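Student: whatever this is, show me its structure:
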Amino acid sequence: MKRCGACGRPAELMAARLGVCPECVRLRPEAAAAIAVRVHAESRARFGLPGLPPRAPGGVRCGLCARECVVAEGGRGFCGLRTVRKGRLVHLAGTPRRGLLHWYRDPLPTNCVADWVCTGHSRAGCHNLAVFYASCTLDCLFCQNWHYRRADPLKDAQGTVRVLSAAALAACAEERTHCVCFFGGDPASQMPHALATGSLLARQGVAVCWETAGTMHPRLLRRALQISLESGGCIKFDLKACDETLHMVMTGASNRRTLANFRTAVELAAGRQDPPAVIASTLLVPGYVGAQEVARIARFIADLEPRTPYALLAFHPQFEMRDLPPTSRRHAREALRAARAAGLKNVRLGNVHLLSDAY
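Tutor: Numbering: from 1, shown residues only. Here you go, the predicted model:
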C-alpha cells in the first residue's frame with residue numbers, strides 16, 4: 001500500500017511518484033505543494049528542462065505565457081524554447097519561421113474533445129489537420145503525450161517531430177482539409193507560430209481550432225479566438241482543476257491565467273452558439289479529480305454561460321501517474337451528475353472505452 005508523504009497514511013488512489021494523497025491536497029495544501037514542487041523538478045530534470053520558471057536577477061523577461069520566465073544569459077525558459085544571447089531573448093522555436101511540431105491528417109469524424117458539437121462530425125470524407133506542438137507551458141504529471149519532452153528545438157529532425165515554418169505547415173492543407181487543431185504539448189508555448197499558421201489556413205477556408213490549457217498572454221488568446229470565430233472553428237479549454245492547489249500539484253502551475261482566459265473567451269464568443277466557439281473539458285484523474293472538483297469547475301462555467309459544452313474525459317494511466325487505474329464507471333457517472341446539477345446544459349462523457357471497474 002502506498003503511503004502519503006504529507007500525512008504518512010496509506011492511500012489506495014494515490015500516485016506513488018507524486019507522493020501526496022488526494023485528501024492532503026485539500027487539507028494540507030502547503031505540505032502537498034512543497035512535495036509537488038520537488039517531484040516536478042525531479043521529473044523535468046530527466047529531460048533537461050528547468051524545474052521552475054527561471055527568475056534570474058538581471059535576466060530577460062518572456063511574457064508569452066503565464067509562467068513569465070526571466071531568463072539568464074545562456075539559460076532556458078520553462079518551455080525550453082527561449083534562451084538569452086548577448087542580452088536578447090532568442091526564440092529557438094515557436095516563431096512563424098520555426099515551429100517544433102509534428103502533424104498528421106486525422107479522418108473526420110474523429111475523437112475530438114468537441115466532436116459532438118463542432119462542424120467536423122458531419123464531414124465524413126474530409127480530415128482534420130492535427131498539429132502537435134512539441135512543447136508546453138505546464139508539467140502535467142498525468143500527461144498523455146509526455147514524449148514531447150524529448151524533442152530538441154536545436155535539431156531539424158528527431159523522429160516524427162520536425163522544425164517547420166508556418167507557411168510550410170499551412171501548405172499541407174488540401175481540398176479535403178476541413179479543419180485544423182493546434183494541440184500538443186500546448187500551442188500556448190508556440191503561439192506566434194500557431195497564430196501565423198492559423199491565419200494562413202483561415203484564408204484558405206479551413207476552420208481553425210485550438211486545444212489548450214489557456215496559459216497564453218490574454219492578447220494572444222484574443223487573437224486566437226478571433227481567428228476561430230471568423231473561420232468557424234473553436235477553442236477547447238482543458239480545465240484541469242478549479243482548486244488552485246490541486247492544479248499546482250498536478251501540473252506544477254497556478255490556474256489563475258487559465259480561468260481568466262476562459263472567462264474572457266466565453267464573454268467574447270457569447271454571440272456564437274451554433275456551432276459553439278468555446279468548449280471546456282476535464283480529465284477525471286482517479287482520486288484527485290472527482291465529482292466534488294467537477295462540480296466546482298462546472299459551477300464556474302455555468303455562472304459564465306450554462307450552454308457551454310463540457311466534456312468529461314476518462315483517464316488512462318500515463319507518465320508519472322501510470323500506477324493509477326483508469327477512471328471507473330462509478331466515478332464517471334458521479335462526475336456527470338455533478339456537472340449537470342451545477343447548471344450546465346450540455347455535458348458529455350468522452351473516452352468511454354477507457355472506463356474501468358477498478359474502484
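Student: would you map the helices across the stretch 251-359 of the chain?
Tutor: For the stretch 251-359 of the chain, helices defined by DSSP state H, counting those that start in this stretch occupy the ranges 256-268, 291-304, 329-341.
Student: so can I have TSV of the ones you listed showing mean neighbour count?
Tutor: C-beta coordinates here come from the backbone N, C-alpha and C atoms, glycine included. Listed next are the helices of the stretch 251-359 of the chain as TSV, based on neighbours: other C-beta atoms under 10 Å:
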stretch	mean neighbour count
helix 256-268	19
helix 291-304	20
helix 329-341	19
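Student: relative to Cys209, how far out is the residue nearest to Pro187 when sequence neighbours are not counted?
Tutor: Once flanking residues are discounted, Pro187 sits nearest to Ala194: 4.3 Å by C-beta to C-beta, 6 or more residues apart in numbering. Using C-beta to C-beta, to the nearest Å, one obtains 11 Å as the distance from Ala194 to Cys209.
Student: now the common contact residues for those two.
Tutor: Taking C-beta atoms under 8 Å, 6 or more residues apart in numbering as the criterion, Ala194 and Cys209 both touch Phe182.
Student: on that earlier part again, now the residue nearest to Pro187, what's its secondary structure?
Tutor: The three-state assignment at Ala194 reads helix, by DSSP: H, G, I helix; E, B strand; the rest coil.
Student: can you pull the contacts of it?
Tutor: If a contact means C-beta under 8 Å, 6+ apart, then Ala194 has Gly99, Val131, Tyr133, Phe182, Pro187, Trp210, Ala224 as its contacts.
Student: give me the beta-bridge partners of the fourth one?
Tutor: The one in question is Phe182. Per DSSP bridges, residues listed as beta-bridge partners of Phe182: Val131, Trp210.
Student: now Asp106: which helix or strand?
Tutor: strand 99-107 (DSSP states H and E).
Student: show me what counts as buried in that strand.
Tutor: By neighbour count on 16 or more other C-beta atoms under 10 Å, the buried set for strand 99-107 is Gly99, Leu100, Leu101, His102, Trp103, Asp106.
Student: counting contacts, what elements does that strand pack onto?
Tutor: Contact analysis of strand 99-107 by 3 or more C-beta pairs under 8 Å, 6 or more residues apart in numbering; DSSP states H and E lists strand 127-133, strand 161-164, helix 166-170, helix 191-203 as its packing neighbours.
Student: partner strands of the shortest one, parallel or antiparallel?
Tutor: So the one you mean is strand 161-164. Partners of strand 161-164 in its sheet, by DSSP bridges: strand 99-107 (antiparallel), strand 157-158 (antiparallel).
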